[in-house]
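Chemist: Quick one, structure for this:
(2 chains)
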Protein chains: 2
Amino acid sequence: MRKILIIGSGKSSAYLLKYLLDKSVSENLFITIGDLNIENAKKLIGNHKNAEVIILDVFDENSRIEAINNSDIVVSMLPARYHLQVAKDCIKFKKHMVTASYVSPELQALNEDAKSNGLILMNEIGVDPGIDHMSAMQVLDRIRDNGGEIILFESFTGGLVAPESDNNLWNYKFTWNPRNVVVAGQGGAAKFLQEGTYKYIPYNRLFRRTEFLDFDNYGRFEVYANRDSLKYQNVYGLDNVKTLYRGTIRRVGFSRAWNIFVTLGMTDDSYTIDDSENMSYRDFVNSFLPYSPSDSVELKLRYQLKIDQDDIVWDKLIELDIFNAKKRVGLKAATPAQILEKILKDSWTLEQNDKDMIVMYHKFGYEKNGKKYQIDANMVVVGADQTYTAMAKTVGLPVAIATLAILNGKIKTPGVQIPISKEVYQPILKELETFGIAFKEKEVPYLGYNPLNN
Amino acid sequence: MRKILIIGSGKSSAYLLKYLLDKSVSENLFITIGDLNIENAKKLIGNHKNAEVIILDVFDENSRIEAINNSDIVVSMLPARYHLQVAKDCIKFKKHMVTASYVSPELQALNEDAKSNGLILMNEIGVDPGIDHMSAMQVLDRIRDNGGEIILFESFTGGLVAPESDNNLWNYKFTWNPRNVVVAGQGGAAKFLQEGTYKYIPYNRLFRRTEFLDFDNYGRFEVYANRDSLKYQNVYGLDNVKTLYRGTIRRVGFSRAWNIFVTLGMTDDSYTIDDSENMSYRDFVNSFLPYSPSDSVELKLRYQLKIDQDDIVWDKLIELDIFNAKKRVGLKAATPAQILEKILKDSWTLEQNDKDMIVMYHKFGYEKNGKKYQIDANMVVVGADQTYTAMAKTVGLPVAIATLAILNGKIKTPGVQIPISKEVYQPILKELETFGIAFKEKEVPYLGYNPLNN
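Modeler: Below you'll find the predicted structure:
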């Protein structure tokens, strides 16, 4: 029996476990899931004989080391900050390791140790990061192998609510960590490359500089820029690219309405609001508007932000019930961002039968024999229910497939890595297709950012 | 002879030295000015026999200690971060000390040492902070001594160009540190109290939430909120006040135009612009606008910010020559804020014969016997030339007067302090009046923030 240790059994475990359990007999696998809270894992494995659940506290060195030493490969589904210690143990006891998280500089520093021990420390192999790397590199490599030179690369991902569950004016519900949505885009200007020029967008303009994307069968979406579009420029081999742009996908109109919160200051996470516990939602809104003994909070907001009465953004605000004078915030010493998150959760929490959706879109512009071409590739994955979500599927399956491929020696190059080599992305993308995680490609005219080409 | 050591001889030294030299014979004073660069000090003292200039490096412990030990009182006009070491030496060698800078927590921690040695460490005794404290406390104490209860306190200060030198569309020139002007308002939401409610203004709205102020004979000004209006609430004894608002004064229209830079992201000081050295002013502006192969930078900016062609803010931008494609930035690895500062200096540097101006405005609302009253007090000081500026006068004279008053035992309460006690502000404000630094007071109807009272 090959022994797989999975540490952490949160929201993205469902497909990860299902894949490995389904293969456990034919592949001779035994899976141990370790977590402090074992309820979710127990439910997911049922009474499968090739799996067990153990209570595991990663801060307890003895039990952590025992579990790791007793396995052949370790999958860490813990929050990213806990990976380093697990990685060090893996090197010490000569185990491979797989995570879906970003590589920290400290983790990267283990690269030589991993190599000299012949160990694979595979990271960023979920959806974003993960499927984005693999699907992008597959097309980039193919274009370059055929003699093309990449001049444009754009990549967009979004976690959204599925069309059949999309029943609010924002066309949005929280399908992952709400906090990340509230503070998205903060911490510095967004930077990207457009036709050879560096462009910078400050936070206050980020949600007003969106662009549209059309998905066959799914209609129109919009994107806003990620903070650092240049992060993988070198890793992807795009040092000479003219346009490099990465962003986040939302349904059309989300960003223009969201910008109201940005403009008012409601997404700020850097200070606490006075007496936040006892204020009403209405008080919260009013704290960002000038005092008036008579004018309503509604009219003050409309006036400050110049919102016409027939503008749909107004109905979006009303739908969130932010002017309610009876609903209490009820959070002690809360930041504006924390209060806004609470208000949004009232409206944007998935209901029992709601499904989520992951969308991804790449644009590849290239030049070959003096002519310019473009390939667009996109992926849509809709969740089955609230356990087998699109998020759990697109995070869990690549992790699971990579884990088995490492065990079986199909992925064999050692080191701290992300899935950008053919050895890794080819077998994984191919198998993902059998689960309905597939990209549709089409050739389109190369337009770049030149409207005169239209 | 009483020996006064002045460390640092920068822009604000002219009146400080003139006052002390003028009194030096009658008051039996000998003034030593120590600085690394002694040209300015030499010019200011001429061949006065009661003064000398020495080369002093404050980082050279021996010469610093020798100079301090050889004096009766030390005035530190150094940048604020250097005061602490001087203060420690002053306590060690039992010398009083005067500065015009904010009290750091580290300096405040010397309070007990100062008291037990009978030493006065007087700080924040320039203009802002300084004259604002003294003039506010004088009226606040008077109202309270007469049985009034303060319900509103607002205080505004501005360093501007004098009306006779005011010849650009912004009605503004740099009369002090340009960098502080460019980054003003950053670092967190502005917080203040309006009619008992805490209000918060994010940076992107700060320059759009201005209010007007009218000065007799000088016309209308505008103010934007300082970051922390509540800083002196407790120190001024205003714990129960309903409205507390502090701000910065500009000429009307400055803020609305300035907000264009804020919105575009040009005031950001947190990252560097790629290849800033070789870009033109026009490139700089363009880096904050979407790429276009044909549309002009001008039209893109107008469109993004919805600026009508007959809006005066447009002419303000043109006046700064920010669309010039030939003027090079010429700064290596510069932040947007540093580049903007450079562009503004081209237009906003004082010319040979330009004069500066300091304006201050306080509003005091109070309740007495069930009725509400308000007193407005304002001050205008116009500079004489570029040596004897309004800034040098309003910073240097209070420092000089306080220094002599401490030497003469008129100010005698020991400790680390700011000028908020009657013992300090009464004699200093009285003497400042003889130099034309005086407040005009008038009683006005109490309006608060209630337009229905109008």
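Chemist: Count the neighbours of the closest residue to chain B within the stretch 1-150 of chain A for me.
Modeler: Residue nearest to chain B within the stretch 1-150 of chain A: residue A:150 (17.8 Å; CB to the nearest CB). All C-beta atoms are positioned from the backbone trio N, CA, C, and that covers glycine. Neighbours of residue A:150 under the rule other CB atoms under 10 Å in any protein chain shown: 21.
Chemist: Tell me the secondary structure of it, please.
Modeler: strand (DSSP: H, G, I helix; E, B strand; the rest coil).
Chemist: Check what pLDDT it gets.
Modeler: As summarised for this prediction, residue A:150 has a pLDDT of 98.
Chemist: Which one of the residues in the stretch 101-250 of chain A is closest to chain B?
Modeler: Counting by CB to the nearest CB, the stretch 101-250 of chain A gets nearest chain B through residue A:202, at 3.1 Å.
Chemist: what number of residues lie near that residue?
Modeler: Residues near residue A:202, counting by other CB under 10 Å: 22.
Chemist: With the one 3 residues further on instead?
Modeler: Residue A:205 sits with 23 neighbouring residues when counted by other CB under 10 Å.
Chemist: do residue A:40 as well
Modeler: Residue A:40, neighbours per other CB under 10 Å, totals 18.
Chemist: again with residue A:87
Modeler: Counted with other CB under 10 Å, residue A:87 comes out at 26.
Chemist: Return the distance of it relative to residue A:6.
Modeler: The gap separating residue A:87 from residue A:6 is 15 Å, by CB to CB, to the nearest Å.
Chemist: for the residue of the stretch 1-150 of chain A closest to chain B, what are its contacts?
Modeler: A:140, A:143, A:144, A:237, A:238, A:240, A:241, A:364, A:365, A:366 (CB atoms under 8 Å, 6 or more residues apart in numbering or on different chains).
Chemist: which residues touch the third one?
Modeler: Read it as residue A:144. A:150, A:237.
Chemist: Buried residues, the helix or strand it falls within. List them.
Modeler: Assigned by DSSP states H and E, residue A:144 belongs to helix A:131-145. Neighbour counts over helix A:131-145 (16 or more other CB atoms under 10 Å in any protein chain shown) mark A:131, A:132, A:133, A:134, A:135, A:136, A:137, A:138, A:139, A:140, A:141, A:143 as buried.
Chemist: Ok, stretch A:399-416 next?
Modeler: A:399-407, A:411, A:414-416.
Chemist: For chain A, what lies in contact range of chain B?
Modeler: A:188-189, A:191, A:194-195, A:197-205, A:209, A:262-265, A:268, A:270-271, A:273-275, A:286-294, A:304, A:336, A:449-452 (CB under 8 Å from any CB of the partner chain).
Chemist: ChimeraX command to pick out the buried ones of these?
Modeler: Selection command for ChimeraX covering only the buried members of the residues of chain A next to chain B, criterion 16+ other CB under 10 Å:
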select /A:189,191,194,197,198,199,200,201,202,203,204,205,209,262,263,264,265,268,273,274,286,287,288,289,291,292,304,336,449
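Chemist: Restricted to strands, list the residues of chain A next to chain B.
Modeler: A:191, A:194, A:197, A:198, A:199, A:200, A:201 (DSSP state E).
Chemist: quick one: which two of those residues are the most distant?
Modeler: With CB to CB as the measure, no two of those lie farther apart than A:197 and A:201, at 13.1 Å.
Chemist: ranges for the strands of the stretch 101-250 of chain A?
Modeler: A:120-122, A:149-161, A:190-194, A:197-201, A:211-215, A:219-225, A:243-251 (DSSP state E, counting those that start in this stretch).
Chemist: what about those strands, which gets the closest to residue A:353?
Modeler: strand A:149-161 (11.8 Å).
Chemist: if I pick residue A:226, what's in contact with it?
Modeler: Per CB under 8 Å, 6+ apart, neighbours of residue A:226: A:190, A:246, A:247, A:248.
Chemist: I'd guessed the first one sits against residue A:227; true?
Modeler: I take that to be residue A:190. Yes - applying CB atoms under 8 Å, one finds residue A:190 in contact with residue A:227, separated by 5.3 Å.
Chemist: So if I had to pick from the two, which one is more boxed in?
Modeler: Legend: neighbour count by other CB under 10 Å for residue A:190 and residue A:227, higher for residue A:190 (23 against 19).
Chemist: now the more buried one, which residues is it bridged with?
Modeler: Per DSSP bridges, the residues bridged to residue A:190 are residue A:201.
Chemist: Just to be sure, which of the buried residues of stretch A:399-416 are found in helices?
Modeler: A:399, A:400, A:401, A:402, A:403, A:404, A:405, A:406, A:407 (DSSP state H).
Chemist: ok, of these, which one's closest to chain B?
Modeler: residue A:399 (33.9 Å).
Chemist: That closest one reaches residue A:124, doesn't it?
Modeler: No - the criterion here is CB under 8 Å, and residue A:399 misses it with residue A:124 at 10.4 Å.
Chemist: Overlap of the contact sets of these two?
Modeler: The contact lists of residue A:399 and residue A:124 share A:99, A:100, A:130, where a contact means CB under 8 Å, 6+ apart.
Chemist: Return the distance of the residue of the stretch 101-250 of chain A closest to chain B relative to residue A:100.
Modeler: 31 Å.
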